[in-house]
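# Predicted model and sequence below, questions to follow.
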Amino acid sequence: MSDILELIKSRRNITQFLPKFVSWENISRVLDAGRHAPSCGNIQNWKFIVVLKPELKQEIAAASYDQYEIGQAFVLIVVCAEPEKAERYYGEKGKKFYTIQNCAAAVQTMLLEAHSLGLATRWVGAFDEEKINGLLGIPAEAETHAIIALGYAKELPPKPPKYPLETLVYFGGWRAKIADPAKYLNDIATILARKAHTATEVIHKGRDLVAQKAKEMVKK
Ligand SMILES: Cc1cc2nc3c(=O)[nH]c(=O)nc-3n(C[C@H](O)[C@H](O)[C@H](O)COP(=O)(O)O)c2cc1C
């Protein structure tokens, strides 16, 4: 897939995985994508723990509030942070705020790389951090931010609804709108819908005109 926007739009959060092998080449490509994600001041204060052992995956699934389906994924990538590193450079904001953003950027970058390889992912944020840290020996100075379940999809869920762009974008200030946002935001769906509406109106007008003419001819 070459169009990055298509890639972004077609990625789905997958709940069910096939018990299917994923090559190490593909796993390492996904990890490498995470490595290249943006981070505040390029500090890259993340670590990625790769979990392949079935029993450990099951325990992680149980510690993720019984999301047992992730145990079926071929691999779990646990994304951890070293917040102290961010604190050293950026104080409290680095520790609390940037660290979360850094890890989220790494996660999303890995999800997209996985999707480009035809792999499926599930972003897991709901877990008992203490339990996960205990299972993986994660020290107190580190934090667990996310678990990526990676494998092949058993089924593709339908695309969940996303808000239209024009409801999300303000221009120049909070709640500041412009007259025709669809036009400026290249909102293809809205533009096509309008064109289709106009075309339908033209067809209906033409049909009514022909019917009118036919009636007049019959009268004559
Ligand atoms: C911070 C965060 C935490 C999430 N935690 C979970 C989770 O624990 N389990 C899960 O199945 N999905 C989780 N998701 C995935 C969302 O449910 C999913 O992205 C959302 O429903 C939209 O679907 P889509 O990704 O297919 O567009 C999480 C996503 C984010 C960003």
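Yep, that arrived.

# Which helix or which strand is home to His145?
Following DSSP states H and E, one finds His145 within strand 143-153.

# strands paired with that strand, and their directions?
In the sheet, strand 143-153 lines up against strand 17-18 (antiparallel), strand 75-81 (antiparallel), strand 120-124 (antiparallel) (DSSP bridges).

# Skipping adjacent residues, who's closest to Ser185 in space?
Residue 185: Leu, not Ser. Leu165 (4.8 Å; CB to CB, 6 or more residues apart in numbering). Yep, even glycine has a C-beta here, placed from its N, CA and C like the rest.

# who are the neighbours in contact with that neighbour?
Counting by CB atoms under 8 Å, 6 or more residues apart in numbering, Leu165 makes contact with 181-182, 185, 187.

# quick one: which of these is nearest the ligand?
Set against the ligand, the nearest of these by CB to the nearest ligand atom is Asp187 (18.5 Å).

# What pLDDT is listed against the residue nearest to Leu185?
Listed pLDDT for Leu165 reads 90.

# So it versus the ligand, what's the distance?
From Leu165 over to the ligand the distance is 15 Å, taken as CB to the nearest ligand atom, to the nearest Å.

# Please apply the same query to Phe48.
Counting by CB to the nearest ligand atom, the separation of Phe48 from the ligand is 17 Å.
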